[in-house]
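Q: From the sequence below, what's the structure:
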Amino acid sequence: MRAYPQDLRQQVLRAVDDGKSRAEIIKHFQVSRATIKRYLKQRRETGTVLPRPLPGRPSKKGAALQMGVQEMLEAHPDARKPRVLPVVGS
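A: Presented below is the predicted three-dimensional model:
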């Protein structure tokens, strides 16, 4: 699952700071009670609510694929140009 955007995190915390009830925040922002608690704890402990990095090693496959694509585009610079295909049967 992807992390919520930073602006949504800030809006949730602003609503908490403004005194809105947890039920109102859950309904309005479509986040869980656990998410609100986690944001409050993270802000209290670190002073920020930036998304934490994903655990584990980064994928080697993605970098290798990107490298291959870059090499191919450098070898064939016209590959980025859109092609117009002929219409069959006209």
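Q: Please make it C-alpha for all contacts and neighbour counts, starting now.
A: OK.
Q: So what does Val87 have for phi and psi?
A: With angles defined as degrees, to the nearest 10, Val87 sits at phi -80, psi 130.
Q: I'd like the distance between it and Ala79.
A: Using CA to CA, to the nearest Å, Val87 is found at 21 Å from Ala79.
Q: what's the answer for Val69, then?
A: For Val69, the distance to Ala79 under the criterion CA to CA works out to 11 Å.
Q: next one: Pro5
A: In this structure, Pro5 lies at 34 Å from Ala79, with CA to CA as the measure.
Q: coming back round to it: ok, Val87 and Ala79, which is more surrounded?
A: Taking Val87 and Ala79 together and counting by other CA atoms under 10 Å, Ala79 has the greater number of neighbours (11 against 6).
Q: Next, that one: secondary structure please.
A: In three-state terms, and counting by DSSP: H, G, I helix; E, B strand; the rest coil, Ala79 is helix.
Q: What helix or strand is the nearest residue to it once chain neighbours are set aside located in?
A: If you skip the residues right next to it in sequence, Ala79 has Leu73 as its closest partner in space, 6.5 Å away by CA to CA, 6 or more residues apart in numbering. Using DSSP states H and E, Leu73 sits within helix 60-75.
Q: Please report the distance of Ala3 from Glu71.
A: Taking CA to CA as the criterion, Ala3 is separated from Glu71 by 32 Å.
Q: I should have written Arg44 there, sorry.
A: Remark: distance between Arg44 and Glu71 (CA to CA) = 46 Å.
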